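With the sequence up front, the predicted model follows.
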Amino acid sequence: MKESQPKAIFLKDYQAPDYWIDKTNLVFDLHEDYALVTSTLHIRQNEQGEGHPDLVLSGVDMELVSVAIDGRKLAEDEFREGQSELVIPIDRDQFILEVKNRIKPQENTSLEGLYKSNGMFCTQCEAEGFRKITYYLDRPDVMSTFSTQIIADKARYPVLLANGNDVERGELDNGRHWVKWEDPFKKPSYLFALVAGDLESIEDRYTTMSGREVTLRIFTESHNIHKCDHAMVSLKKSMKWDEEVYGREYDLDIFMIVAVDHFNMGAMENKGLNIFNSSCVLASPETATDARYQRIEAIVAHEYFHNWSGNRVTCRDWFQLSLKEGFTVFRDSEFSADMNSRGVKRIEDVAMLRTAQFAEDAGPMSHPVRPESYIEISNFYTVTVYEKGAEVVRMIHSLLGEKDFRKGSDLYFKRHDGQAVTCEDFVKAMEDASGKDLSQFRLWYSQSGTPVLHVSDAYDKASGTYSLTIEQSCPATPGQENKAPFHIPVKLALLDNSGKALSLNEHGDVEQVLDVKQAKETFLFNNLPEKPLPSLLRGFSAPVRLEYAYSKDDLVFLMQHDSDSFNRWDACQRLAMAEINQLVAALARGESKEPDQQLIDAFGHVLADSTLDMAVKTEMLTLPFEAAIAEQSESIQPGLIHKARKQVKQAIAAAHQSQFHQLWKELSQEKPYRPEARDIAERTLKNICLGYMVALNHKEMMDLAKEQYDRSGNMTDRFAALSYVVNAEYQDKPSIDALLSDFLNRYQDDANVMDQWFSVQAGSPQMGTLSHVQSLMEHKLFDATSPNKLRALVGAFAQNMAGFHDSEGEGYQFLADLVIEYDCKNPQLASRLLQPLTRWKKYEPQSRELMKKALESISKVPELSTDVFEVVNKSL
Ligand code: 7MK
Ligand code: ZN
């Protein structure tokens, strides 16, 4: 045990701050070996407090130069400097504090606070990075207006940016210049941003719904300037959508996005100055896949939407993180659904939720959407807070309906504009606007774990009554043994034997939302001429595990007839999952088993069905991912999961070989690249066909893939071909090497494309061995200071079922050693890289022990960061 253990912080201990900061004036004097920060704060005591408590400001990794109050410099005995705070005794209600401090952005490898990326200065302050810049009340309920002056060498840093509008600029002697920015909107320190660098930009304009003109600018290093157009188009679409769907208008004269290569996350919504991981901005047809185009559109929208859901109305404390993130993810997913295929967006989101979030909720880090305690807040930027949080908002949306939900959001923004509020305030606004009682619904914010719905049914022919009995339960999670029943919206339809949805009431509605509220409840449906087949949890109306004893015939029927595209896909997944599980069990017994013919035929039907939406068809033809199979396993057998899935894929490929080939050919006609939903669906389907063809392991099929690689003018088709060849069981080593080196030669100057080159190798069951990964870490294009590179190589390797787990635990120890190494440099990254090991309890005995051993080796390190400390200790 460590001498001083990091301490947990509890939601129940929340207290309002002793002081407010009404105005914050910052001056940054940027130099090559240090930066001098002068902070002038207009501070006022919180009227609810008594006396004059000490002022306690947070600050880490900095050198204090001077402190003055109301113009008088304080002597050394008039304040105390702690490890991570500055304590100043106070004798007045209101005062101006001036602090000067020095920081070293050049040496800041944590990528929090002010740091350098490829020679440019940039910031990341959420959640608690501002305290690495200057001493402050670095908590989201302290909201202040900011002005920021940046002084720097003009030749090296011609572009100087901060939040708000630029109001003044000037030149100094010795080649330096300065710009002053003012942000008229009050904000917490986590939304502060600064950028200084040699950047180019593209510019556009947007006229808001009330007729105000806004300048839009996207900044990047000059060699990437031609890759910003898609982000700009996405930004304008987002601005329009937020006006149309939520009535929300942009509020400053300028909106800026800056792309940086070294970034711990995807992007950040700093007021008026969003900073993005370059991988979430830059795209051209030759360098970005369809998936990348769509991700960029979604992330640009997400950060833009934060301007209201996050910035104008912000979080009171970090336990409320889902207030802004859950709501904003819901908003961006609805936006993406409107811009592209709604059915596919829902399927993708749920597939992700079920694998990543369900796994998190069943593991050692399980926490509610609104956590009750944390040691390190950076560890709570999770799929639970984001994705499950978005599902909770989605359920409110479906309980209230479109119109009342909009009334609720209008009320929320009006009531709380300029405030730092809680999840409770959000729910209350929804309740007040709609008149709906959400008291039981609130449990979704406080109870962790994934509820299980067990559904059974009965039909009484004589009376024509069909009864559905729904039992709910929720497994115990850390700190929560017993749960109260949730309020669960269960959307359903009842299908007759021709697949038609029966009317459920006198209005002729064929779809209904059941308000499930009790541990066990029975719902009756009358006047049904025959026993219907239930289509349950349509559109995935709640984030739960659904258990209903569907027969194979039922699932095949739903795959063909359900009018809910999500449930059609889900039936397909259930059928395939059951089959793969059986194969895994057979392989574990050392038996061989042929994949089930009914499944193979059903996939043939999907392939041939010309009425099926092409985008949904692509999803249906995609077998459950290995991670999804693992998530629902009792005891994960990584190697067998990989084998069994491959076996099913090969069987489907063999049975429908000529159809796949035919369809692939039809869809292979060259046309100009457009990142539009229809074209994307066509390319996806074409590449899925190619994937099945390659799975056949014939040389001719490999040659077709290579041909597509050579012929393709866009990255989507080229990368799909490369990836199939590299992942194929049929290892034609010379061709693989030739393709990989061709790819390297073509794209070596593009860091984001090279990430793909690293990850396709690390993720391949054949190539992604520990020794190959280690050799790639020595590659000249591998940048060990780049989170993107580490995630691409090591992150992909750790998800490789065949490669990572196939050893004497060497992969595990390699990951553990890397986590230890990176923990001193970039704790956030280290803590994220560590995640795969935390699931050790779910694995079969041998892997399990080895994973545990690797975790223990981390826990023995004396000076762990709070980030890694928390994750390791909760997992062991
Ligand atoms: C998304 C926080 C930021 C994890 C997923 C994002 C982050 C972490 C983007 C960084 C965001 N506020 O907008 O949510
Ligand atoms: Zn966000």
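It's in. Numbers count the residues shown, from 1 in each chain. Ligands and ions are numbered 1, 2, ... in the order given.

what's the helix or strand of the chain with the lowest mean pLDDT packed up against?
Least confident helix or strand of the chain, by mean pLDDT, DSSP states H and E, is helix 801-805 with a mean of 93. Applying 3 or more C-beta pairs under 8 Å, 6 or more residues apart in numbering; DSSP states H and E, one finds that helix 801-805 contacts helix 638-655, helix 796-798, helix 810-823. The C-beta positions use only the backbone N, C-alpha and C, and glycine is treated the same way.

Without its sequence neighbours, what residue ends up closest to Ile202?
Spatial nearest neighbour of Ile202, excluding adjacent residues (C-beta to C-beta, 6 or more residues apart in numbering): Cys228 at 4.9 Å.

so that neighbour makes contact with Ile218?
Yes: using C-beta atoms under 8 Å, Cys228 makes contact with Ile218 at a distance of 4.3 Å.

shared neighbours of these two, which are they?
Common neighbours of Cys228 and Ile218 are listed as 202, 259, 281 (criterion: C-beta atoms under 8 Å, 6 or more residues apart in numbering).

Select from those the one having the most neighbours.
Val281 (28 neighbours; other C-beta atoms under 10 Å).

Surely it touches Cys228?
Yes: counting by C-beta under 8 Å, Cys228 is a contact partner of Val281 at 6.6 Å.

quick one on the thing from earlier: mind picking the one among the shared contacts of Cys228 and Ile218 that's closest to Asn826?
Checking the shared contacts of Cys228 and Ile218 against Asn826 by C-beta to C-beta gives Ala259 as the nearest, at 19.6 Å.

that older thread, quick one: buried residues of the least confident helix or strand of the chain?
Neighbour-count burial for helix 801-805, with 16 or more other C-beta atoms under 10 Å as criterion, is recorded at 801-805.

One more: stretch 747-754?
Neighbour-count burial for stretch 747-754 [16+ other C-beta under 10 Å]: 747, 750-754.

what's the closest of those residues to Glu844?
Sorting these by distance to Glu844 puts Met754 at the head of the list, at 35.3 Å, by C-beta to C-beta.

Next one: that closest one from Tyr747, what distance?
6 Å (C-beta to C-beta, to the nearest Å).

repeat for Cys122
25 Å.

ditto for Gln357
Distance, Gln357 to Tyr747, by C-beta to C-beta: 33 Å.

shouldn't Gly49 be in contact with Asp18?
Yes: counting by C-beta under 8 Å, Gly49 sits close enough to Asp18 to count as a contact (5.1 Å).

who's more crowded, the two?
Counted by other C-beta under 10 Å, Gly49 and Asp18 do not tie: Asp18 has more neighbours, with 19 against 13.

what's the helix or strand for the closest residue to Thr684 other than its chain neighbours?
Setting aside the residues directly before and after it, Thr684 is nearest to Thr618 in space (C-beta to C-beta, 6+ apart), at 4.4 Å. Take DSSP states H and E as the rule and Thr618 turns out to sit in helix 614-620.

tell me which strands and helices the helix or strand following that helix is in contact with?
Next helix or strand after helix 614-620 toward the C-terminus (DSSP H and E): helix 626-631. The contact analysis (3+ C-beta pairs under 8 Å, 6+ apart) places helix 626-631 against helix 358-361, helix 565-588, helix 638-655.

nearest to ligand 1, of those helices?
helix 358-361 (13.3 Å; C-beta to the nearest ligand atom).

so what strands line up beside the next helix or strand after the closest one?
Sequence order places strand 373-374 as the next helix or strand after helix 358-361, per DSSP H and E. Partners of strand 373-374 in the sheet, by DSSP bridges, are strand 9-10 (antiparallel).

The next helix or strand after the strand it pairs with pairs with which strands, and in what direction?
The helix or strand immediately downstream of strand 9-10 is strand 19-30, counting by DSSP H and E. Partners of strand 19-30 in the sheet, by DSSP bridges, are strand 35-45 (antiparallel), strand 144-153 (parallel).

Go through those strands and pick out the most buried.
Of all the strands paired with strand 19-30, strand 144-153 carries the top mean neighbour count, a mean of 21, counting by mean count of other C-beta atoms under 10 Å.

got the contact list for that one?
Contact partners of strand 144-153, identified using C-beta under 8 Å, 6+ apart, comprise 20-30, 41, 121, 160-164, 172, 175-189, 192, 194, 196.
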